[in-house]
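Asker: here are the coordinates; sequence isn't available:
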Ligand SMILES: Nc1ncnc2c1ncn2[C@@H]1O[C@H](COP(=O)(O)OP(=O)(O)O)[C@@H](O)[C@H]1O
Ligand SMILES: O=C(CO)[C@@H](O)[C@H](O)COP(=O)(O)O
């Protein structure tokens, strides 16, 4: 039997899948790492933690592997997007990575609009300037940490750094480069115009390759540390959302994905780069050949639930915390939650907004709060679905992946709020599976990713909306949508009191 490995470098943990030639997940390992939130709006990780935990995870996996290590033919990656990793002339990391959910760069986003103009920015990058994207972070370091910036010779994204440490070669793939705000999305080249206008040396940008291109083999040192063979072929891999789409089979027009990881996204396949959503949703290059995708992003989706668990139930598992939410009625007995714990992206690009519980009552118990959190996250994702529907997309089936797909009641909540059939796949690890598929396709096991999806991906269950719940949620969603405009000003006033 032949195998490939998919490594998903997520925000909460690295998840590693060993997948055989018929797409069965033979083994999986997950290794967590910390998130550093030194101040409000800050979110960083240490790139060395990613490397250490991946090496440990691979080593655990390989120790249990009973086959011949040469049978593991390829490995590829899926990575949390946008995170800035700065490297010096020796490719040493210069500071902690500034992550996708770090919102310190509001002034730099304004600088980009001032220097480039919104129209030109959208024409080149097809995206607005958002705090989470990479370019504003580069400009922040240039302004606030000039010594570090002066030492920088290249920048990469999280999974690119991990791949560099495994192979010794530096690259960035198009699907991840699309989230930097420096890529000309149509031409698939670094935009010299963008670099020049904001005063960034274009030579900082690394060489570009396709997500399924070969990027080298495992170095002797890493082969020894992990147990992998030095002849294992390493493929570039892609942005976690592009990989999530591949791993969920979102490979033709009309297909929609919901992914609830630390962030939450609603993503739609696009066969062309010519549509115009006026920057209301992100528009990025796919990991599949000649394809694109659009998506709306909830910054704190799974993060809202893990925040609640950390604060109020740190000793319990997610399964225990969610055990009795089916006993709470739709609407959590009049309790609404908005998941703006770290600001928001879609539909409100607002770094200052924060979350709320509205409608607390003396009769509410902890389980009511838990259900309200799940409903609030799902309402937020429904805002993205509304944007797509208003732009003419027909969404009647949604493939759902990520940690949020593990709970059956949450699947029903998704079906009822989205008013669509929810499909759960055999593995909810879409990004890791997408990375494994990129390696399988790169190794020429299949002629196309679509053919690979036909063999690798299996539906586990379908959940259909319950009409009675759909009607209740429609009314509650209208109330939910009033919370943002009504709490915006209050949150701006509270900014001064945040640590
Ligand atoms: N058993 C579970 N039931 C419901 N949600 C869960 C469960 N386990 C994890 N989650 C949610 O999934 C999130 C992690 O999802 P994951 O896809 O692994 O994220 P990431 O790729 O960002 O690291 C957690 O923040 C949590 O909210
Ligand atoms: O910023 C985005 C997409 O634009 C996030 O979706 C990140 O890519 C992080 O993903 P997860 O860790 O939640 O999977």
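Answerer: Thanks, I have the structure now. Keep in mind that this is a model prediction, so the values were computed, not measured. Ligands and ions are numbered 1, 2, ... in the order given.
Asker: What's the separation between residue 312 and ligand 1?
Answerer: Computed with C-beta to the nearest ligand atom, to the nearest Å, the distance linking residue 312 and ligand 1 is 14 Å. (Each C-beta comes from the backbone N, C-alpha and C, glycine too.)
Asker: quick one: that residue from ligand 2, how far?
Answerer: According to C-beta to the nearest ligand atom, residue 312 and ligand 2 sit 22 Å apart.
Asker: cool, and residue 47?
Answerer: Taken as C-beta to the nearest ligand atom, the span from residue 47 to ligand 2 is 15 Å.
Asker: so who does that residue touch?
Answerer: Contacts here follow C-beta atoms under 8 Å, 6 or more residues apart in numbering; on that basis residue 47 touches 85, 93, 96, 97, 158, 161, 162.
Asker: Kindly report the same for residue 466.
Answerer: Under the criterion of C-beta under 8 Å, 6+ apart, the contact partners of residue 466 comprise 412, 415, 416.
Asker: still on that earlier bit, and the two most separated of the contacts of residue 47?
Answerer: With distance counted by C-beta to C-beta, no two of the contacts of residue 47 lie farther apart than 96 and 162, which are 15.1 Å apart.
Asker: Could you check which of the two has the larger neighbour count?
Answerer: More neighbours sit around residue 162 than around the other of residue 96 and residue 162, counting by other C-beta atoms under 10 Å; the figures are 24 against 20.
Asker: quick one: the helix or strand harbouring the more buried one near ligand 1?
Answerer: Per DSSP states H and E, residue 162 falls inside helix 158-167. No: contact check for helix 158-167 against ligand 1, using C-beta under 6 Å from any ligand atom: none in range, with a minimum separation of 11.4 Å.
Asker: that older thread, in JSON lines: the contacts of residue 47, plus pLDDT.
Answerer: What follows is these, written out as JSON lines (pLDDT from 0 to 100):
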{"residue": "85", "pLDDT": "98"}
{"residue": "93", "pLDDT": "98"}
{"residue": "96", "pLDDT": "98"}
{"residue": "97", "pLDDT": "98"}
{"residue": "158", "pLDDT": "98"}
{"residue": "161", "pLDDT": "98"}
{"residue": "162", "pLDDT": "98"}
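Asker: Buried ones among the residues you listed?
Answerer: With neighbours counted using 16 or more other C-beta atoms under 10 Å, the contacts of residue 47 contain these buried positions: 85, 93, 96, 97, 158, 161, 162.
Asker: Return the closest of those residues with respect to residue 497.
Answerer: residue 96 (25.9 Å).
Asker: which helix in the chain runs the most residues?
Answerer: Of all the segments of type helix in the chain, defined by DSSP state H, the longest one is helix 467-494.
Asker: Next to ligand 1, which bits of the stretch 351-499 of the chain? Give me the list.
Answerer: Looking at ligand 1, the residues of the stretch 351-499 of the chain close enough under C-beta under 6 Å from any ligand atom are 402, 403, 404, 406, 407, 410.
Asker: Now this structure against ligand 1: closest residue?
Answerer: With C-beta to the nearest ligand atom as the measure, residue 403 is the residue of the chain nearest to ligand 1, at 1.9 Å.
Asker: Now for that residue, how many residues are close by?
Answerer: Residue neighbour count, defined by other C-beta under 10 Å, stands at 22 for residue 403.
Asker: Same check on the one 3 residues further on?
Answerer: For residue 406, the count of nearby residues is 14 (other C-beta under 10 Å).
Asker: What does the pLDDT read for it?
Answerer: Turning to residue 406, the model gives it a pLDDT of 96.
Asker: How about the contacts made by it?
Answerer: 318, 319, 428 are the contacts of residue 406 under C-beta under 8 Å, 6+ apart.
Asker: now it: how far from ligand 2?
Answerer: Residue 406 sits 14 Å away from ligand 2, taking C-beta to the nearest ligand atom as the criterion.
Asker: Likewise for residue 458?
Answerer: Distance of residue 458 to ligand 2, computed by C-beta to the nearest ligand atom: 22 Å.
Asker: which one is that residue nearest to, not counting chain neighbours?
Answerer: Ranked by C-beta to C-beta, 6 or more residues apart in numbering and with sequence neighbours excluded, the top spatial neighbour of residue 458 is residue 426, at 4.3 Å.
Asker: Now that neighbour, what are its backbone angles?
Answerer: Taking degrees, to the nearest 10, you get phi -60, psi -40 for the backbone angles of residue 426.
Asker: Can you give me the distance of it to residue 2?
Answerer: Using C-beta to C-beta, to the nearest Å, one gets 20 Å for the distance from residue 426 to residue 2.
Asker: again with residue 66
Answerer: 15 Å.
Asker: Who has more neighbours out of those two?
Answerer: Comparing residue 66 with residue 2 by neighbour count (other C-beta under 10 Å), the higher total belongs to residue 2, at 14 against 5.
Asker: Hmm, residue 20 and that one touching each other?
Answerer: Yes: look at residue 2 against residue 20 with C-beta atoms under 8 Å: they come within range, at 7.2 Å.
Asker: Which neighbours do these two have in common?
Answerer: Counting by C-beta under 8 Å, 6+ apart, nothing touches both residue 2 and residue 20.
Asker: rewinding a little: now that we have the contacts of residue 406, which one has the most neighbours?
Answerer: Among these, the one with the most neighbours (other C-beta under 10 Å) is residue 428, at 21 neighbours.
Asker: Quick check: residues of the stretch 51-200 of the chain near ligand 2?
Answerer: Looking at ligand 2, the residues of the stretch 51-200 of the chain close enough under C-beta under 6 Å from any ligand atom are 80, 81, 82, 100, 132, 179.
Asker: now, which of the contacts of residue 406 lie within helices?
Answerer: Short answer: the contacts of residue 406 in helices (DSSP H) are 318, 319.
Asker: Tabulate the contacts of residue 406 in a markdown table, adding columns for pLDDT.
Answerer: Written out in a markdown table, the entries for the contacts of residue 406 read as follows (pLDDT from 0 to 100):
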| residue | pLDDT |
| --- | --- |
| 318 | 97 |
| 319 | 98 |
| 428 | 88 |
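Asker: Are there helices or strands packed against the host helix or strand of residue 306, and which ones?
Answerer: For residue 306, the element it lies in under DSSP H and E is helix 302-312. Contacts of helix 302-312 with other secondary structure elements, assessed using 3 or more C-beta pairs under 8 Å, 6 or more residues apart in numbering; DSSP states H and E, are made with helix 318-321, helix 366-390.
Asker: mind redoing it with 7 Å?
Answerer: Here helix 302-312 is seen to pack against helix 366-390 when contacts are counted using 3 or more C-beta pairs under 7 Å, 6 or more residues apart in numbering; DSSP states H and E.
Asker: Show residues contacting the helix it packs on.
Answerer: 258, 260, 264, 266, 268, 280-281, 296, 298, 301, 304-305, 308, 312, 321-322, 324-325, 327-328, 332-333, 335-339, 346-347, 357, 395, 410, 413-414, 417-418, 477, 480 (C-beta atoms under 7 Å, 6 or more residues apart in numbering).
Asker: Any part of it near ligand 2?
Answerer: No: no part of helix 366-390 sits close enough to ligand 2 to count as contact by C-beta under 6 Å from any ligand atom; the gap is at least 11.8 Å.
Asker: now that helix: how far from the chain's centre is it?
Answerer: Between the centre of helix 366-390 and the centre of its host chain there is 18 Å, according to C-alpha atoms, centre = their mean, to the nearest Å.
Asker: ok, then the element right after that helix?
Answerer: With secondary structure assigned by DSSP H and E, helix 366-390 is succeeded by strand 397-401.
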